[in-house]
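**Student:** attaching a predicted model along with its sequence, questions to come.
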Amino acid sequence: MLNITMIGCGAIGVAVLELLENDTQMRVEHVIASAGSEALVQQRLAAFKNPPLVLTALPADAHPDLLVECAGHMAIEEHVLPALERGVACLIVSVGALSQVGLVERLEAAAARGNTRIELLPGAIGGIDALSAAKVGGLDSVDYTGRKPAKAWKNTPAEQICDLETIDQATVIFQGSAREAARLYPKNANVAATLSLAGLGLDRTHVTLIADPLSEENVHHFEARGAFGGFEMSLRGKPLQANPKTSALTVYSVVRALGNHAHAISI
Ligand SMILES: NC(=O)C1=CN([C@@H]2O[C@H](COP(=O)(O)OP(=O)(O)OC[C@H]3O[C@@H](n4cnc5c(N)ncnc54)[C@H](O)[C@@H]3O)[C@@H](O)[C@H]2O)C=CC1
Ligand SMILES: O=C([O-])CC(=O)C(=O)O
């Protein structure tokens, strides 16, 4: 039985727990919540038959098989770095955090000292296997467009560019590098950062972000060209009801990755 600790118990975390509730090969034993939110998290877990224990940090004597982050960018510094140092293998969805200068190197160094590994999950996007394979032969360009319903851009700098309540057509709210996208739209820049890390890097990956009042999906489209040829992919993700900024595929990506650690064959 794979013993898992999960950081964060919001839209992704609760949905992952629901999917794993009756699994016989893996179990989330502990959930790490932000200090002060323990009661709220307990409430979210009330309907589970056998809920995980809620903590605010990984206890010093705990050695889960895997620590999976489903919380947000701050959790990488707070929980993932120290867990790697202690030799706990980590999986993360908040890949956008890695656009902070120096964080990739710090994670690598912590994992090396702990003799363990960190895995960056594809989350809301697909095709990362093909993109990172294409990188081996050399890439010329990677262009990404993220299109989401207008309400998904609430509380972001998009509010200074257009009135999200009243726009009646698709509006470009950002064009630039993945590095700048991550700085301005951290909660929506995980896909851009993942494509950058798999492909041409944060400065050479071109990003366009669109607020679309006519869309009910989170559409991630990218086009890559290089020595291998070219490919493009469009993923029309359904947003989670509990958090419209997050696509449902992210939940399934976490469950798939955990399953790949628990099962004899990984795919
Ligand atoms: N790679 C990808 O494609 C995607 C990645 N994400 C990432 O996943 C994160 C979580 O997404 P949702 O579940 O939709 O968000 P959410 O806001 O519904 O839930 C996040 C939960 O984590 C908790 N949390 C925040 N910081 C924490 C910390 N330092 N320690 C412990 N708990 C903490 C919050 O209190 C909240 O309950 C997002 O912030 C985003 O960075 C989200 C969507 C796609
Ligand atoms: O679609 C999603 O779930 C999240 C997203 O765009 C991102 O973080 O880049």
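**Tutor:** Okay, I see it. Ligands and ions are numbered 1, 2, ... in the order given.

**Student:** in the stretch 1-150 of the chain, what residue comes closest to ligand 1?
**Tutor:** residue 10 (1.7 Å; Cβ to the nearest ligand atom). All C-beta spots, glycine's among them, are computed from the backbone N, C-alpha and C.

**Student:** and the residue in the stretch 1-150 of the chain that ligand 2 sits nearest to, what does it touch?
**Tutor:** As assessed by Cβ to the nearest ligand atom, ligand 2 sits closest to residue 124 within the stretch 1-150 of the chain, at 3.4 Å. Counting by Cβ atoms under 8 Å, 6 or more residues apart in numbering, residue 124 makes contact with 190-191, 218, 220, 235, 237, 246-247, 249-250, 253.

**Student:** make TSV from these and add neighbour count and pLDDT to it.
**Tutor:** Shown next, in TSV, are the contacts of residue 124 (neighbours: other Cβ atoms under 10 Å; pLDDT from 0 to 100):
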residue	neighbour count	pLDDT
190	31	94
191	27	96
218	27	96
220	26	98
235	17	97
237	20	97
246	25	94
247	28	96
249	21	98
250	25	98
253	22	98
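
**Student:** what helices or strands is whichever strand or helix holds residue 249 leaning on?
**Tutor:** Using DSSP states H and E, residue 249 sits in helix 248-262. Judged by 3 or more Cβ pairs under 8 Å, 6 or more residues apart in numbering; DSSP states H and E, helix 248-262 is in contact with strand 2-7, helix 11-20, strand 26-32, strand 66-69, strand 90-92, strand 229-237, strand 239-240.

**Student:** what about that helix, near ligand 1?
**Tutor:** Yes. Helix 248-262 is in contact with ligand 1 by Cβ under 6 Å from any ligand atom, via residue 250.

**Student:** report the angle between that helix and strand 2-7.
**Tutor:** Per axes from the mean of the first three to the mean of the last three Cα atoms, to 10 degrees, the angle that helix 248-262 makes with strand 2-7 is 150 degrees.

**Student:** quick one: contacts of helix 248-262?
**Tutor:** 2, 4, 12, 15-16, 19-20, 23, 25-26, 65-66, 68, 70, 91, 93, 119, 121-126, 235, 237-240, 266-267.

**Student:** same thing with stretch 21-29?
**Tutor:** 1-6, 16-17, 20, 48-50, 52-53, 64, 258-259, 261-263.

**Student:** these, buried ones only, as a ChimeraX selection?
**Tutor:** Applying 16 or more other Cβ atoms under 10 Å to these leaves a buried subset, and the ChimeraX line that selects it is:
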select :2,4,5,6,16,17,20,52,64,258,259,261,262
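
**Student:** what sits against the most centrally placed residue in the chain?
**Tutor:** Among the residues of the chain, the one closest to the centroid is residue 93, at 2.6 Å (Cα atoms, centre = their mean). By Cβ under 8 Å, 6+ apart, the contact list for residue 93 reads 12, 68-70, 121, 123, 190, 250, 253-254.

**Student:** what about 10 Å?
**Tutor:** 7-8, 12-13, 16, 68-72, 75, 120-124, 190, 194, 246, 250-251, 253-254, 257 (Cβ atoms under 10 Å, 6 or more residues apart in numbering).

**Student:** around ligand 2, pick out the residues from the stretch 51-200 of the chain.
**Tutor:** For the stretch 51-200 of the chain, the contact set with ligand 2 under Cβ under 6 Å from any ligand atom comprises 124, 146, 188-191.

**Student:** make TSV out of those and add secondary structure.
**Tutor:** Listed next are these as TSV, based on DSSP: H, G, I helix; E, B strand; the rest coil:
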residue	secondary structure
124	coil
146	strand
188	helix
189	coil
190	helix
191	helix
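
**Student:** what is the most widely separated pair among these?
**Tutor:** Pairwise distances among these were taken by Cβ to Cβ; the largest, 11.3 Å, belongs to 124 and 189.
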